[in-house]
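**Student:** Sequence and predicted structure below; questions after.
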Amino acid sequence: MTLTSNGLIVVHENKNLDQLGLLGDKLNKVQEEAERKLEKAAPEQSIRSGLGFAMKIGVELISALIVGTGIGLLLDHWLGTTPWFMLLFFVLGSVAGIMNVYRSVNGFGNTIGFHPITDSKDNGYKKPLK
């Protein structure tokens, strides 16, 4: 490194290029090693991710039913209209749960509306991101 008259530090590029080359080689080796380990663990992870996805769908459906029925029961108790709001909100909870499952299965994620998440290149082809 050299200090110039206007206070700037100039770095000698040859040393840094050699060091960057060595660092790049080390990073490539580590990345290849990590990819090999990932390939070995892939079947076990796919089973786990499938089970996790199934649990997510089940929880979304059941929680929507419970919340809908709970709101209906509270409104029935408050207004004295015993089975009607519970039945109405049970149906609404069922619809909400089924819509959540539909969105999860089709890869819509948390997007607004029912449009799949797309990649940054908008070339007319919409594919869901994983």
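**Tutor:** That came through, no problem. Since this is a predicted model, take the numbers as computed values, not measurements. Numbers count the residues shown, from 1 in each chain.

**Student:** can you pull out the strands in this protein?
**Tutor:** Counting by DSSP state E, the chain has strands at residues 2-3, 9-10.

**Student:** contacting residues around the residue nearest to Met86 when sequence neighbours are not counted?
**Tutor:** Distance criterion C-beta to C-beta, 6 or more residues apart in numbering; nearest residue to Met86, sequence neighbours excluded, is Gly72 at 3.6 Å. Yep, even glycine has a C-beta here, placed from its N, CA and C like the rest. By C-beta atoms under 8 Å, 6 or more residues apart in numbering, Gly72 lies in contact with 85-90.

**Student:** are any of the residues you listed buried, and which?
**Tutor:** Neighbour counting with 16 or more other C-beta atoms under 10 Å marks 85-86, 88-90 as buried within those.

**Student:** CSV please, covering those residues and showing pLDDT.
**Tutor:** Shown next, in CSV, are the buried ones among the contacts of Gly72 (pLDDT from 0 to 100):
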residue, pLDDT
Phe85, 95
Met86, 96
Leu88, 97
Phe89, 97
Phe90, 97
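
**Student:** Not counting its neighbours along the chain, what's nearest Ala96?
**Tutor:** With C-beta to C-beta, 6+ apart as the criterion, Ala96 has its nearest non-adjacent residue at 4.6 Å, and that residue is Ala64.

**Student:** Fine by me, we can end here.
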